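Undergrad: Next input, structure requested:
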Amino acid sequence: MSADKLWSNSQQSGLSSPTTRSRQNAAFRTQAGPPPSPRSDLLSRPHSPVPRSPRALPPETSLPESGRGSPRFISLSSQSAFQQFTGGNTFSMKGRGRILKRGGTVFFVTLFLWFALNWWYLSSFQQSALQSLENLETPQADSVSLTILIWNSSCALPETYIFTYCNKHTTLSIATLKCPFVVRQVGVVNRSSAVLYERMLALAAHELAENEFKPEPDVLWEEPTQNAITWLPCANQRAEDHIPPPPLEHMTGYIMINANGGLNQQRVAICNGVAVTRLLNASLVLPRFLFNSVWRDSSQFGDIYDEAYFMNHLKEDVRIVKELPLELQSLDLEAIEAVVTEIDVPKEAKPSFYLKHILPLLMEKQVVLFEGFGNRLAFDPVPFDIQRLRCRCNFHALKFVPKLLELGGLIVERMRDKHPRWGPNDDDFDAEENPHLSGTERIPIRSAKPVPKYLAVHMRFEMDMVAYSLCEFGGGETEKKELQAYRALHFPILAKLEQDGRLGTADVQRELGHCPLMPEESFLMLAALGFRRGTRILLAGAHMYGGEKKMTILKNLYPNIVTKEELLTPEELEPLRNHSSQLAVLDYLGCAMADAFAMTDSGSQLSSLVSGHRIYHGSGHRPTIRPNKKRLAAIFEHNATIEWSHFENRIRKMVAETKRIAARPISRSVYRHPRCLECMCKHEV
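TA: Sure thing, here's the model as predicted:
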């Protein structure tokens, strides 16, 4: 029986019995010749690539090889080639299957071991990193960062992995910085309430390095609008119908002021005292300064301000004497109840309060002593001449003594000089030869270069400010106990309120913008604004809380940060030792004369007075950066995920809004906002 007939019968029956299959195989073997191997029938058995169905398959010769899905469907020529390839008759299909099975097993086992090895390696690396951070833990810091740089061959910048581990809040955050410079938050475990800026500092350092040779934004060193030059100083002008102070016999009495606080609180108290003296038609005794447990400075009026200049400049407004007449010096002011404390006078009291309560007491006792007198006179409503007198006193009459002016001038001069502290500098002049002369007649032509600019930053982050703010700054329990002890010693009322739970939490204080900016926050803001890494920066203020550790962080971003102690020699500073108010004068002068000034705490008296000084005397060419701390707190809340470009845009938008030129708002300080008709005159350009 032929093979075709066998197939036809099998197909009609719809079944493929073992007998039929054996006959088919015999027919095929007869057609193909003698078998090369006793088990070569395995290669020609007609199996389907799908599960066997009741219907028999067509013979091997009638199906094309390309349609077969199984290695068992091969033609006779393919079979011979396969036998030749596998070594002839010694290789069978079953042996080949065993080899393939073993090879697949080996492949999957190798793949599994590779994944297991990588998992073990990464787990051990993470564990060792965390263990290293725990070993680095110190009582002063609850967070440590570990930065690993891995060079990326696809670009010129390293690939940076930043691990931030906060042991107090059990937080592990991993940020990846790749080329192009994109930041992604890989993972955060739990939420940390501490403010950590390691990631942001890394972003800022990268951005500063990229922008080192790019031009800075124009608004950094100039006021952003022409409206600034339309306001000119005129507080020194008196009206034509100005009334001089009355003769001595018509005076209502003598006013004495014991000003408290530091330099700037004392300055405000002096100017307010001059205004109240004029309001009450009295004589003013040169103010005295109380010894403060925080400032610990025994300096008096004559140690800081030029007494003769002060008295002479205001002689047309108030009568000023150095001391009480002899007949009044022996009075016991407390016994006769002539002492008025800050408790007796409400904060920012209106002129009517003094006319109603203080004037009768002054006329009865002939002398009144104000103890403290900080911010005890409102700014509105106040008569025009009284308001102008306050501006005249602050911006003209209070002149520092010559020795302090000289030291302040040295600071400004050395911030703009060619000292090696600023790194390599070109010569101040570019020398070129005159081409119209020849030989020995040629002389160098020198063209002056612009004077280097500098930025002044008032870092209001001293111990007293940090403690008074009731905020937390990432120092953990050690910091908390240290600040509580300081408050108990220097601010007992505040410490009592805190103990009774009558004050808000540190998180609430920060959200409301009541916390002073940390040094890291301040300089991240400067980097976002576009100040170059090589910018000369004068860091004003007393000893910063955190000391050298904070300074090291800041100098990693801006290496040209200096303080007055670094600019002046020990011999020049020696006369000012233990006189914090006189040292504060140097900060005041250095900030007032800077090409740009950045305040970090809008509530700081020095920043407020310096800002007003720059507006009044700057003619629109001394810009001031006034950050909104509440908005900054909202921005820094996303420091773990925010991209640098987004952070930069939000910072620049916030600062631009604070630089708008506008007249003084109602009830705001004329010392900080002198753009008002009482202090300055508006001219049309």
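Undergrad: List the backbone torsions phi and psi for the closest residue to residue 392 other than its chain neighbours.
TA: The shortest distance from residue 392 to any non-neighbouring residue, by C-beta to C-beta, 6 or more residues apart in numbering, is to residue 235 (4.6 Å). Using the backbone N, CA and C atoms, a C-beta is placed for each residue, glycine as well. Backbone torsions for residue 235, taken as degrees, to the nearest 10, come to phi -70, psi -20.
Undergrad: Would you confirm that residue 235 contacts residue 388?
TA: Yes - using C-beta atoms under 8 Å, residue 235 is in contact with residue 388, at 5.7 Å.
Undergrad: Can you pull the residues that touch both of those two?
TA: In terms of C-beta atoms under 8 Å, 6 or more residues apart in numbering, residue 235 and residue 388 are both contacted by the residues 678-679.
Undergrad: sec struct for residue 257, please.
TA: Assigned with DSSP: H, G, I helix; E, B strand; the rest coil, residue 257 falls in the strand class.
Undergrad: Tell me which residues touch it, please.
TA: Counting by C-beta under 8 Å, 6+ apart, residue 257 makes contact with 269-270, 273, 284-285, 287-288, 369-370, 373.
Undergrad: partner residues bridging it?
TA: residue 370 (DSSP bridges).
Undergrad: all helices in the stretch 501-650 of the chain, in order from the N-terminus.
TA: Using DSSP state H, counting those that start in this stretch, the helices of the stretch 501-650 of the chain run over 506-511, 519-529, 547-557, 564-567, 570-573, 580-592, 605-617, 629-636, 644-658.
Undergrad: Tabulate the ones you listed (CSV), appending distance to residue 112.
TA: Formatted as CSV, the helices of the stretch 501-650 of the chain follow (distance: least, C-beta to C-beta, whole Å):
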stretch, distance to residue 112
helix 506-511, 48
helix 519-529, 46
helix 547-557, 45
helix 564-567, 62
helix 570-573, 70
helix 580-592, 66
helix 605-617, 64
helix 629-636, 46
helix 644-658, 41
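Undergrad: looking at the ones you listed, which is closest to residue 361?
TA: Nearest of the helices of the stretch 501-650 of the chain to residue 361, taken as C-beta to C-beta: helix 605-617 at 28.6 Å.
Undergrad: okay, the closest one in CSV with CA atoms only?
TA: Coordinates of each C-alpha in helix 605-617 appear next as CSV, following Å, rounded to 0.1, in the frame of the first residue of the first chain:
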residue,chain,number,x,y,z
GLN,A,605,16.1,96.9,63.6
LEU,A,606,19.5,97.1,62.0
SER,A,607,18.2,95.7,58.7
SER,A,608,15.2,98.2,58.9
LEU,A,609,17.4,101.2,59.6
VAL,A,610,20.0,100.2,57.0
SER,A,611,17.2,99.7,54.4
GLY,A,612,15.8,103.2,55.2
HIS,A,613,19.3,104.7,55.0
ARG,A,614,19.9,103.2,51.6
ILE,A,615,16.5,104.5,50.3
TYR,A,616,17.1,108.0,51.7
HIS,A,617,20.7,108.5,50.7
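Undergrad: Going by neighbour count, which residues of it are buried?
TA: Using 16 or more other C-beta atoms under 10 Å as the test for burial, helix 605-617 gives 605-616.
Undergrad: ditto for stretch 230-237
TA: Applying 16+ other C-beta under 10 Å to stretch 230-237 flags 230-231, 233-235 as buried.
Undergrad: between the contacts of residue 257, which has the most around it?
TA: When neighbours are counted by other C-beta atoms under 10 Å, residue 373 leads these with 27 neighbours.
Undergrad: Need the phi and psi values for that one.
TA: Main-chain torsions, residue 373, degrees, to the nearest 10: phi 60, psi 40.
Undergrad: thought it was touching residue 269?
TA: Yes - applying C-beta under 8 Å, one finds residue 373 in contact with residue 269, separated by 4.6 Å.
Undergrad: any idea how far the closest residue to residue 607 other than its chain neighbours lies from residue 542?
TA: Excluding its sequence neighbours, the residue lying closest to residue 607 (C-beta to C-beta, 6+ apart) is residue 599, at 3.6 Å. Going from residue 599 to residue 542 by C-beta to C-beta, to the nearest Å gives 15 Å.
Undergrad: Which of the two has more residues huddled nearby?
TA: residue 599 (25 against 19).
Undergrad: Quick one: low-confidence residue ranges for the stretch 1-150 of the chain.
TA: The model of the stretch 1-150 of the chain has pLDDT under 70 over residues 1-101, 117-150.
Undergrad: Pull up the overlap in contacts between residue 373 and residue 269.
TA: With C-beta under 8 Å, 6+ apart as the test, residue 373 and residue 269 both reach 257, 259-260.
Undergrad: can you put the residues you listed in TSV and add pLDDT?
TA: Formatted as TSV, those follow (pLDDT from 0 to 100):
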residue	pLDDT
257	97
259	94
260	90
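Undergrad: Could you dump those residues into CSV with distance to residue 502 added?
TA: Converted to CSV, those look like this (distance: C-beta to C-beta, whole Å):
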residue, distance to residue 502
257, 32
259, 29
260, 24
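Undergrad: where does this structure have low pLDDT?
TA: Applying pLDDT under 70 to the chain picks out residues 1-101, 117-196, 293-295, 424-449, 685.
Undergrad: From the shared contacts of residue 373 and residue 269, pick the one nearest residue 279.
TA: Relative to residue 279, the closest of the shared contacts of residue 373 and residue 269 is residue 257; by C-beta to C-beta it sits at 13.9 Å.
Undergrad: gap between the closest one and residue 301?
TA: According to C-beta to C-beta, residue 257 and residue 301 sit 10 Å apart.
Undergrad: do the same with residue 626
TA: In terms of C-beta to C-beta, residue 626 sits 30 Å off from residue 301.
Undergrad: what do you get for residue 489?
TA: 28 Å.
Undergrad: got it, and residue 248?
TA: Remark: distance between residue 248 and residue 301 (C-beta to C-beta) = 22 Å.
Undergrad: Okay, and which of the contacts of residue 257 map to helices?
TA: Those of the contacts of residue 257 mapping onto helices are 269-270, 273, per DSSP state H.
Undergrad: Surely residue 598 touches residue 457?
TA: Yes - between residue 598 and residue 457 there is a contact under C-beta under 8 Å: 4.7 Å.
Undergrad: Report the set of residues contacting both of the two.
TA: Residues touching both residue 598 and residue 457 by C-beta under 8 Å, 6+ apart: 522, 526.
Undergrad: what sits against the nearest residue to residue 216 once chain neighbours are set aside?
TA: Residue nearest to residue 216 in three dimensions, not counting chain neighbours: residue 530, with 5.3 Å by C-beta to C-beta, 6+ apart. If a contact means C-beta under 8 Å, 6+ apart, then residue 530 has 211, 216-217, 220, 652 as its contacts.
Undergrad: What's the PyMOL syntax to select whichever of those residues are buried?
TA: To isolate the buried ones among those in PyMOL, judged by 16+ other C-beta under 10 Å, type:
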select buried, resi 220+652
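Undergrad: how near is residue 609 to residue 591?
TA: Counting by C-beta to C-beta - residue 609 and residue 591 are separated by 9 Å.
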